[in-house]
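**Student:** need a 3D model of the following:
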Amino acid sequence: MFGLGTQEIIVIFLVLLLLFGGKKLPELARGLGKGIREFKKATTEIEEDIKSASEIEEKSSKPKE
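**Tutor:** This is a model prediction of the structure:
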């Protein structure tokens, strides 16, 4: 995962545990998960908008027979 070994991940987790405490870590993880979910949702919406705009552009640029 990101070039980190098991030992590095354990050290990072222990530092986070010392900094924030056991009660705050689940709240932080939940907030991070919500943020990632919102980011993915926003990128999906932007992709859909771009696709629909390009489809509209293709339809309007076709010569009428």
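
**Student:** quick one: the helices in the chain?
**Tutor:** Shown for the chain, the helices assigned by DSSP state H span residues 6-61.

**Student:** got any ranges where it has weak pLDDT?
**Tutor:** Filtered on pLDDT under 70, the chain yields the residue ranges 1-2, 63-65.

**Student:** ok, the residue positioned nearest the centre of it to Lys62 distance?
**Tutor:** Computing the C-alpha centroid of the chain and ranking residues by Cα atoms, centre = their mean puts Ile36 first, at 3.6 Å. Distance of Ile36 to Lys62, computed by Cβ to Cβ, to the nearest Å: 40 Å. All C-beta atoms are positioned from the backbone trio N, CA, C, and that covers glycine.

**Student:** then Val15?
**Tutor:** From Val15 over to Lys62 the distance is 59 Å, taken as Cβ to Cβ.

**Student:** cool, Glu47 as well?
**Tutor:** Relative to Lys62, and taking Cβ to Cβ, Glu47 is found at 23 Å.
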